[in-house]
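Student: sequence first, then the predicted structure:
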Amino acid sequence: MELLVPLILIGVGFFVGRHFEAKHYASIRDREKKTLHVPMMNFGAKQDLPYAHDAQLFVGSVVVANDYFKTISAGLRNLVGGRVVVYESLVDRGRREALLRMKEEAIEWGASQIVNVRFETSSIGGKSRDQGLSAVEIMAYGTAIR
Amino acid sequence: MSNLTLTTLEGVPGREIVEHYGLVQGSTIRAKHVGKDILAGFKNIVGGELKGYTELLQESRKESIERMVMQAEQLGANAVVNIRFATSSIAPGAAELFAYGTAVRVK
Amino acid sequence: MKFVPKEITKEVNVTPVHPLVNLAYLLGTVTLAGIVIYVVLGLIASQLVKRIGIETEEQIGASLVNSLPNRIDTGDSRLEYLQDLTSSLQDNLSQTEIAVVEYPPVKISILDMPEENAMVTAGSHLMVTEGLLDQVESENELAFVLAHELGHLHNRDPLDALGRSLVLMTVSGLLGVGQGPNSVLVPNVLNLTEQGHSRTQETMADEYAIALMMARYDHGGHSLDFFRRLQSEEFDLGVLSPVAEWQQTHPLTDNRIERLESIAEASDWPLTGNPTSLPEGIECANFEAPC
């Protein structure tokens, strides 16, 4: 009985989590294609300011949490050591989503390019770190010009 | 490693950027194994460098750079400029090593 | 400087491993480490058993037992009866093929608990519950339970368990296994292996008990009646029963009876015979029925 509840949670986490991940990735790829025409770069601070009418800061952020399957896998990985494969897709998804949110907002504003893009990642844990409840905030910010 | 020029500057000195392809990023998430944790616990008593962790993080950071370079190569770039690193703890015991920059073609 | 829009099509930041394959690898590694710990535990525990002196064992046992509530160890004439019954069983050990093993003299006490149960701890403290005395219907049934516990003493199981739990606690404390996301899975896995271990111990104690019963009463009749009655109260778990068996310390009574019957059959031991009756008022203090 004690073992049954976690097993069910792992199963639910795996199938539902995987379904959402696939859906999210499809949406990310689609949106990345749509916004490809606007250049983004992470330099620009020490160059001559590009000629523009307007410049504005844009921030995109997303908080992602892991499913139960990932929590268990990562927990075991903590004993073994090595590459935490299950979290890679989580963070990759989060980072691309944050970038897209910033970009889409900037495009709506009319940006012709976004310069000096920076990323920030922080673990904002749930109730307590000991419980393995973890969520990560990923944030992308940059200056859009038009 | 590949022959891409990697810099933390806004360009490559002595070269001119002719084309740029946008952001490239590489990331890897690593966990240390229990044995290292225990050793680190002992080390915490006396302080000093945690050699095991230093090596692990160096190796992981190298991988994140390699992944970033793989993206740049896909885009046909010959340099990645303005590279930045970020290290963050994703979950208890797991750290993410993240590298990003702008893929460019220089002449 | 000109911008050339290009798409990154190959995912480089996600290792192409199926999550289930990854989980299987992790589980395999952790299980393997678990098995290693399990074997090492066994070695350490057996070393501990060999090195611990009778006196130390008595001391440990006394401190363990003294913390138990509702324990009757003096002033009840039933204790003498139980002590006599145990001694008469022990006296017949020479008639079996089982080698003599030294352990501290058996000290019997009664626990005031409604659940039918019996147990031994380090220092040869043997405890039976009021619930058990209330439920047994013949001396053979009671003697079998006592013989089973003697079997544990013979195999030095209480000390083994003590050593194992000590080492297990140290190891899990060091690894921090009880914390974080592992707290759901890893202790369960360890528990399962521990339970598997104690199941083997139960089976061995059962084998010891049936041999002793045969030496004392010349037949195995009625000694299993108590388990048969327990069995009829059990649920039928159907397909789930292998899982249930793995989760339970004592093998399911069904299997226990079958195993004992096959042992008796192989040794040509009769499983029928007349029961020896219990003294009146065994369920009441000092045999003073009704209570």
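Tutor: Looks like it came in fine.

Student: quick check: residues of chain B near chain A?
Tutor: Contacts of chain B with chain A, taken as C-beta under 8 Å from any C-beta of the partner chain, map to B:10-11, B:20, B:22-23, B:25, B:27-36, B:81-82, B:84, B:86, B:88-94, B:96, B:98, B:100-102. In short, each C-beta sits where N, CA and C put it, glycine included.

Student: just the buried ones from these?
Tutor: For the residues of chain B next to chain A, a burial check counting by 16 or more other C-beta atoms under 10 Å in any protein chain shown picks out B:10-11, B:20, B:22-23, B:25, B:27-34, B:36, B:81-82, B:86, B:88-94, B:96, B:98, B:100-102.

Student: show me these that map onto helices.
Tutor: B:Val34, B:Lys36 (DSSP state H).

Student: in strands, which of the buried ones among the residues of chain B next to chain A fall?
Tutor: In this view, these that belong to strands under DSSP state E are B:20, B:22-23, B:25, B:27-31, B:81-82, B:86, B:88-91, B:94, B:96, B:98, B:100-102.

Student: check those residues one by one and keep those near chain C.
Tutor: Restricting these to those near chain C - C-beta under 8 Å from any C-beta - leaves B:His20, B:Gly22, B:Gln25, B:Ser27, B:Thr28.

Student: and the first one, how far is that from C:Lys2?
Tutor: Put plainly, it is B:His20. The gap separating B:His20 from C:Lys2 is 8 Å, by C-beta to C-beta, to the nearest Å.

Student: let me see the ranges of the helices in chain A.
Tutor: If DSSP H is used as the criterion, the helices of chain A fall at A:4-34, A:68-80, A:85-109.

Student: rank those by pLDDT, which is bottom?
Tutor: Comparing those by mean pLDDT, the weakest confidence falls on helix A:68-80, with a mean of 83.

Student: dump the residue contacts of the residue lying closest to C:Val49 once chain neighbours are set aside.
Tutor: Using C-beta to C-beta, 6 or more residues apart in numbering or on different chains and skipping residues adjacent in sequence, the residue nearest C:Val49 is C:Leu159, 4.5 Å away. By C-beta atoms under 8 Å, 6 or more residues apart in numbering or on different chains, the residues touching C:Leu159 are C:Ala45, C:Leu48, C:Val49, C:Ile52, C:Glu57, C:Ala122.

Student: separation between C:Leu159 and chain B?
Tutor: According to C-beta to the nearest C-beta, to the nearest Å, C:Leu159 and chain B sit 28 Å apart.

Student: flag every residue of the stretch 1-150 of chain C that's near chain A.
Tutor: Proximity of the stretch 1-150 of chain C to chain A is confined to C:3, C:5-7, C:11, C:13-15, C:17, C:19-20, C:22-23, C:26-27, C:29-30, C:33 under the rule C-beta under 8 Å from any C-beta.

Student: so where's chain B uncertain?
Tutor: Where chain B drops to pLDDT under 70, the residues are B:1-2.

Student: in it, which residue sits nearest chain A?
Tutor: Among all residues of chain B, B:His33 sits closest to chain A, at 2.7 Å; criterion: C-beta to the nearest C-beta.

Student: just checking, that residue touches A:Leu79?
Tutor: Yes - the pair B:His33 / A:Leu79 is scored as a contact, 6.6 Å apart, by C-beta atoms under 8 Å.

Student: other residues contacting the longest helix anywhere in chain B?
Tutor: Counting residues, the longest helix found in chain B (DSSP H) is helix B:51-74. Helix B:51-74 is contacted from outside by B:1-2, B:4, B:6, B:21, B:24-28, B:30, B:32, B:36, B:39-40, B:80, B:83, B:85, B:87, B:95, B:97-101, B:103, C:6, C:8-10, C:12-13, using C-beta under 8 Å, 6+ apart.

Student: okay, the angle between that helix and helix A:85-109?
Tutor: Angle of helix B:51-74 versus helix A:85-109, following axes from the mean of the first three to the mean of the last three C-alpha atoms, to 10 degrees, is 50 degrees.

Student: buried sites along helix B:51-74?
Tutor: Neighbour counts over helix B:51-74 (16+ other C-beta under 10 Å) mark B:52-53, B:56-57, B:60-61, B:63-65, B:67-74 as buried.

Student: now stretch C:30-40
Tutor: Neighbour-count burial for stretch C:30-40 flags C:Val30, C:Gly34, C:Ile37, C:Tyr38 (criterion: 16+ other C-beta under 10 Å).

Student: in a markdown table, list these along with pLDDT, secondary structure and distance to C:Thr200.
Tutor: Formatted as a markdown table, the buried residues of stretch C:30-40 follow (pLDDT from 0 to 100; DSSP: H, G, I helix; E, B strand; the rest coil; distance: C-beta to C-beta, whole Å):
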| residue | pLDDT | secondary structure | distance to C:Thr200 |
| --- | --- | --- | --- |
| C:Val30 | 82 | helix | 23 |
| C:Gly34 | 77 | helix | 17 |
| C:Ile37 | 78 | helix | 17 |
| C:Tyr38 | 74 | helix | 12 |
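
Student: so which two of those are the farthest from each other?
Tutor: Maximum pairwise distance in the buried residues of stretch C:30-40, criterion C-beta to C-beta, is 12.3 Å, between C:Val30 and C:Tyr38.

Student: so where's the stretch 101-250 of chain C uncertain?
Tutor: Short version for the stretch 101-250 of chain C, where the test is pLDDT under 70: C:172, C:174-193, C:231-250.

Student: all helices of it, in order?
Tutor: Using DSSP state H, counting those that start in this stretch, the helices of the stretch 101-250 of chain C run over C:130-135, C:139-154, C:157-175, C:186-217, C:225-233, C:241-247.

Student: ok, residue 23 - contacts?
Tutor: No chain was given, so I picked chain A. No contacts exist for A:Lys23 under C-beta under 8 Å, 6+ apart.

Student: meant chain B actually
Tutor: A:Met40, A:Met41, A:Asn42, A:Leu99, A:Val117, B:Tyr100, B:Gly101, B:Thr102, B:Ala103.

Student: just give the nearest non-adjacent residue to the fourth one, would you?
Tutor: Using C-beta to C-beta, 6+ apart and skipping the chain neighbours, the partner closest in space to A:Leu99 is A:Ala140 (4.5 Å).

Student: check contacts around that neighbour.
Tutor: Applying C-beta under 8 Å, 6+ apart to A:Ala140 gives the contacts A:Val59, A:Gly60, A:Ser61, A:Arg95, A:Ala98, A:Leu99, A:Arg101, A:Met102, A:Val117, A:Arg118, A:Phe119, A:Glu120.

Student: how near is it to C:Asp254?
Tutor: Using C-beta to C-beta, A:Ala140 is found at 63 Å from C:Asp254.

Student: can you give me phi and psi for A:Asp67?
Tutor: phi -80, psi 170 (degrees, to the nearest 10).

Student: and it, what does it touch?
Tutor: Contacts for A:Asp67 were tallied using C-beta under 8 Å, 6+ apart; they are A:Gly13, A:Phe14, A:Val16, A:Gly17.

Student: ChimeraX command to pick out the buried ones of those?
Tutor: In ChimeraX syntax, the buried subset of the contacts of A:Asp67 is picked out as below (16+ other C-beta under 10 Å):
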select /A:13,14,17
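
Student: closest one of the contacts of A:Asp67 to chain C?
Tutor: Nearest to chain C among the contacts of A:Asp67 is A:Phe14, at 7.1 Å by C-beta to the nearest C-beta.

Student: could you check how far C:Ser109 is from chain A?
Tutor: C:Ser109 is 32 Å from chain A, by C-beta to the nearest C-beta.

Student: find the nearest non-adjacent residue to that residue, please.
Tutor: Distances taken as C-beta to C-beta, 6+ apart place C:Asp73 nearest to C:Ser109, at 3.9 Å, with adjacent residues excluded.

Student: sweet, I'm off.
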